[in-house]
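**Q** coordinates for the following, if possible.
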Amino acid sequence: MNNITELNKVRNIGIMAHIDAGKTTLTERILYYTGRSHRMGEVHNGEALMDWMAQEQERGITITSASTHCHWKDHWINIIDTPGHVDFTVEVERSLRVLDGAIAVFCAVGGVEPQSEAVWHQSQKHNVPKLAFINKMDRIGADFFKVLENIQKQLSANTIPLQIPIGSESEFKGIVDLIEMKAYYYTEEKDAKRYEVESIPSDILALAEKYRKIMIEKSVENDEVLLDKYFRDEYSLSSEELLSSIRKATVQNKIVPVLCGSAFKNKGVRKLLDAVTLFLPSPKDMPPLKGADPDGNEVFRENSDEESFSALAFKIQTDKHVGKLVYFRVYSGSVGAGSYIYNATRKKRERLSRILQMHANQRENVDRLYTGDIAAAVGLAHTFTGDTLCDAENPIILESIEFPSPVMSVSIKNDKPDALTKSLVKLAEEDPSFMFKTEEETKDVVISGMGELHLEILIDRMKREFGLAVETGEPKVAYRETIIGSFTEEYRYSKQTGGRGQYAHVKMKVSPTGPGHGFEFVNKISEGRIPKEYIPAVEKGIIEALQNGVFAGYPIVDVKAELIDGSYHSVDSSDLAFKTAGRDCFKNAFKKCNPILLEPLMFLEINTPEEYVGSILGLIGSKRGKIIGIDTQGSLNIISSEAPLSELFGFSTVLRNQTSGRASYSMLFQNYSAATEEVTEKVLKMKKSA
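**A** As a prediction, the model looks like this:
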């Protein structure tokens with residue numbers, strides 16, 4: 001751990017990409033080359049160490065982020081392998097929140113795909129420095145330079161190539177290191193650790209010199225001293241100066257170094273590991289940790305073992321052997337097993353009974369953690385994802401983690417309601433993008449998630465892990481409600497029951513805030529009209545109405561409620577009365593603000609041979625879809641479109657049937673859009689008949 005490794009030699013990195021770009025295969029190779037594992041597990045035969053869940057092994061995809069660690073050239077590297085499927089984007093979000101750097105993996109054939117773009121933007125939101133690794137250079141259709149251009153254009157990334165490939169497809173033999181200006185050949189695939197260093201072949205020397213010049217210009221453009229030196233003599237820069245300049249700009253997230261290889265064929269992985277240690281930041285490179293004290297005042301902590309302990313819980317996992325595991329990242333100070341810590345978010349004192357260093361689903365007990373460490377804890381009963389753990393004597397609350405709302409629901413039934421509820425509670429603890437509720441009228445249990453696969457996996461886990469076979473109903477779309485008009489409503493709540501009564505009077509204006517702007521509550525009460533202690537109760541009543549909906553029973557979004565007047569009674573007024581008045585006043589106003597239904601719109605990208613383009617365009621049209629564009633990539637056509645989620649249930653089966661299984665697609669949540677009158681009427685009719 002960090003007590004034997006200098007903090008500047010620690011790396012906390014994630015591996016992220018679109019599904020099937022080769023993330024897990026790359027992680028397996030990294031673990032093999034660093035000596036962490038002694039065999040290379042393969043995804044295609046279900047033997048990858050990082051894909052330990054039965055559902056991952058059967059499907060050949062990553063579902064949950066897996067944590068591990070390894071050593072490379074006296075550096076300690078904590079690695080989180082994240083999923084590439086859109087339904088599990090929450091795993092990427094919470095991993096990026098606690099990581100210092102990332103490797104973005106791109107398929108040399110597919111290039112920048114929808115989920116590549118999604119995870120890239122997630123990393124930018126958290127300002128995570130990145131390396132780009134263009135993988136699968138041995139595949140038919142591989143094109144390093146086209147993918148490099150795509151990364152620049154589609155992701156607005158300031159890329160800096162550190163390598164170019166020697167050949168491609170079946171002729172891919174190795175890489176040219178543009179800093180050393182040497183060729184690395186990987187000739188024996190069976191001997192994964194063998195390579196040869198030679199002079200650059202004459203037929204690509206000019207190309208290598210061209211891209212070396214691009215590399216140098218981009219590496220010095222943020223350093224005035226080196227830029228001046230380069231302009232005076234472009235050959236005067238040493239390798240050490242180049243490395244230092246590239247590292248500085250990468251850590252500042254100003255450039256993205258690009259490397260290439262074939263993880264499956266064991267080519268280029270060691271050079272990528274070198275780049276991780278050379279260019280990605282250590283905890284020491286990160287700015288001081290910003291948080292708030294219990295009074296809400298801004299406080300800072302240095303990334304140092306000498307500071308008070310602070311950490312962020314970013315993942316919950318249920319382990320059948322040890323129970324609840326809480327994954328957390330230590331940002332400052334140190335903490336030992338058996339010690340008491342403070343959950344500043346929940347205001348609870350917790351005992352850290354055991355600390356486990358994780359290697360996928362394998363566990364190693366450790367006595368103490370230090371700044372920069374990532375591990376799992378046993379014994380934190382009151383801690384959940386996004387909670388801050390710290391020293392009770394010097395508390396701090398860190399920024400939590402935001403998660404997307406579910407877009408799809410399905411009803412489930414089981415003859416063991418208590419056992420079902422317990423399993424759902426545990427699954428919801430693990431996965432913040434999963435929710436469940438019991439319908440008041442039908443008593444049906446409704447589970448909600450990010451897509452069909454997400455819900456399918458959760459239902460499968462109920463069966464395997466909890467022994468609960470459930471019956472499922474038809475999938476349902478997670479619609480939303482909003483308004484396009486404004487209205488000012490006045491409401492007086494008065495109830496007399498013989499003793500003390502209930503009285504509250506409020507006047508509020510309800511108006512739209514605009515797409516994506518969320519809910520806003522504004523208190524405009526003149527002093528004395530309503531005592532300030534009742535104002536939070538009014539807001540709570542409005543929030544209650546938001547959650548249950550008014551128009552069609554779906555959550556309300558993007559509205560503003562301004563409390564502008566009211567009155568109270570010195571004896572009969574209470575929090576309950578003002579909460580009820582706030583809720584009912586808002587509901588009455590909402591009905592008069594031209595409410596509309598919103599439906600989730602999905603971005604759809606389909607890869608298909610040319611002969612199926614016509615039928616696929618017709619299929620998209622039948623799904624109320626809109627074509628955005630059609631591009632050509634080798635022998636495939638890439639159709640970009642958008643369509644409502646409600647029309648896409650079972651889409652994979654229809655597409656497979658229409659194209660004899662030769663087309664593939666990916667789907668990504670885009671935004672909420674106003675539903676058509678026909679859809680709205682259908683939903684309202686279903687509500688009435690329920």
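
**Q** buried set for the helix or strand hosting Glu465?
**A** Under the criterion of DSSP states H and E, Glu465 resides in helix 452-466. Buried residues in helix 452-466, counted by 16 or more other Cβ atoms under 10 Å: 452-459, 461-462, 466. Glycine gets a C-beta too; all of them are placed from N, C-alpha and C.

**Q** try stretch 136-150
**A** Result for stretch 136-150 [16+ other Cβ under 10 Å]: buried residues 136-139, 141-144, 146-148, 150.

**Q** please apply the same query to stretch 682-690.
**A** Going by 16+ other Cβ under 10 Å, stretch 682-690 has these buried residues: Val683.

**Q** please apply the same query to stretch 667-685.
**A** For stretch 667-685, a neighbour-count test (16+ other Cβ under 10 Å) marks 667-669, 672, 675, 679-680, 683 as buried.

**Q** remind me which residues of the stretch 101-250 of the chain are low pLDDT?
**A** For the stretch 101-250 of the chain, the stretches with pLDDT under 70 are 188-193, 234-235.

**Q** the same query, at a cut-off of 90, please.
**A** For the stretch 101-250 of the chain, applying pLDDT under 90 flags the ranges 110, 112-126, 154, 156, 170, 186-196, 216-217, 219-242.

**Q** mind listing the strands for it?
**A** Applying DSSP state E, counting those that start in this stretch to the stretch 101-250 of the chain gives strands spanning 101-107, 130-135, 159-161, 163-166, 174-177, 182-185, 196-198.

**Q** right, and the ones you listed - which one's nearest Glu599?
**A** Glu599 sits nearest to strand 101-107 of all the strands of the stretch 101-250 of the chain, at 31.4 Å, using Cβ to Cβ.

**Q** which two from the buried residues of stretch 136-150 end up farthest apart in space?
**A** The widest separation within these (Cβ to Cβ) is 19.1 Å, between Asp138 and Asn150.

**Q** so Val510 lies in a helix, does it not?
**A** No: counting by DSSP: H, G, I helix; E, B strand; the rest coil, Val510 falls outside a helix, being strand.

**Q** let me see the contact set for it.
**A** 483, 486-489, 559-562, 586, 589-590, 593 (Cβ atoms under 8 Å, 6 or more residues apart in numbering).

**Q** which of the residues you listed are buried, as a PyMOL select command?
**A** Burial among the contacts of Val510 is assessed by 16+ other Cβ under 10 Å; the matching PyMOL selection reads:
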select buried, resi 483+486+487+489+559+560+561+562+586+589+590+593
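
**Q** of the contacts of Val510, which belong to strands?
**A** 483, 487-489, 559-562 (DSSP state E).

**Q** what is the nearest of those residues to Tyr230?
**A** Lowest distance from Tyr230 to the ones in strands among the contacts of Val510 (Cβ to Cβ) belongs to Lys560, with 53.7 Å.

**Q** that closest one and Lys524 touch, don't they?
**A** No: Lys560 is beyond contact range of Lys524, at 11.5 Å (criterion: Cβ atoms under 8 Å).

**Q** can you name the residues that contact the residue lying closest to Pro283 once chain neighbours are set aside?
**A** Among residues not flanking Pro283 along the chain, Gly372 sits closest, at 3.7 Å (Cβ to Cβ, 6 or more residues apart in numbering). Neighbour list for Gly372: 2, 7, 10, 12, 78, 282-283, 303, 330 [criterion: Cβ under 8 Å, 6+ apart].

**Q** show me which of the buried residues of stretch 136-150 is closest to Glu533.
**A** Distance to Glu533 across these (Cβ to Cβ) is lowest for Asn150, with 57.3 Å.

**Q** thinking again about what came up before, helices - which of the contacts of Gly372 land there?
**A** Among the contacts of Gly372, DSSP state H puts none in helices.

**Q** surely Pro515 is within a strand?
**A** No: counting by three-state DSSP, Pro515 is not part of a strand but coil.

**Q** how far away is it from Leu352?
**A** Pro515 sits 44 Å away from Leu352, going by Cβ to Cβ, to the nearest Å.

**Q** compare the two (neighbour count), which wins?
**A** Set Pro515 next to Leu352 and count neighbours by other Cβ atoms under 10 Å: Leu352 wins out with 21 against 13.

**Q** got the phi and psi for that one?
**A** phi -90, psi 90 (degrees, to the nearest 10).

**Q** so what's it up against?
**A** For Leu352, the contacting residues are 335-341, 377, 379-380, by Cβ under 8 Å, 6+ apart.

**Q** could you rerun that using 7 Å?
**A** Residues counted as contacts of Leu352 (Cβ atoms under 7 Å, 6 or more residues apart in numbering) are 335, 337-339, 341, 377, 379-380.

**Q** and it, what's its pLDDT?
**A** The model reports Leu352 with a pLDDT of 93.

**Q** distance of it from Phe328?
**A** As judged by Cβ to Cβ, Leu352 and Phe328 stand 10 Å apart.

**Q** what do the two both touch?
**A** Ala377.

**Q** which ones are touching the closest residue to Gly629 other than its chain neighbours?
**A** Setting aside the residues directly before and after it, Gly629 is nearest to Ser640 in space (Cβ to Cβ, 6+ apart), at 4.8 Å. Contacts here follow Cβ under 7 Å, 6+ apart; on that basis Ser640 touches 605, 628-629.

**Q** out of these, which end up buried?
**A** Buried members of the contacts of Ser640, scored by 16+ other Cβ under 10 Å, are Glu605.

**Q** tell me who's in contact with the nearest residue to Glu217 once chain neighbours are set aside.
**A** Spatial nearest neighbour of Glu217, chain neighbours left out: Tyr230 (7.5 Å); criterion: Cβ to Cβ, 6+ apart. By Cβ under 7 Å, 6+ apart, the contact set of Tyr230 is 216, 220, 237.

**Q** just the ones of those in helices?
**A** Judged by DSSP H, the contacts of Tyr230 include 216, 220 as members of helices.

**Q** so what secondary structure elements neighbour the longest strand along the chain?
**A** Counting by DSSP E, the longest strand found in the chain is strand 595-609. When contacts are defined as 3 or more Cβ pairs under 7 Å, 6 or more residues apart in numbering; DSSP states H and E, strand 595-609 packs onto strand 480-483, strand 636-644, strand 664-674, helix 677-689.

**Q** redo that, cut-off 10 Å
**A** helix 114-125, strand 480-483, helix 613-622, strand 626-633, strand 636-644, helix 651-658, strand 664-674, helix 677-689 (3 or more Cβ pairs under 10 Å, 6 or more residues apart in numbering; DSSP states H and E).

**Q** to Ala108, which of those lies closest?
**A** Of all the helices and strands packed on strand 595-609, it is strand 626-633 that lies closest to Ala108, at 11.3 Å by Cβ to Cβ.
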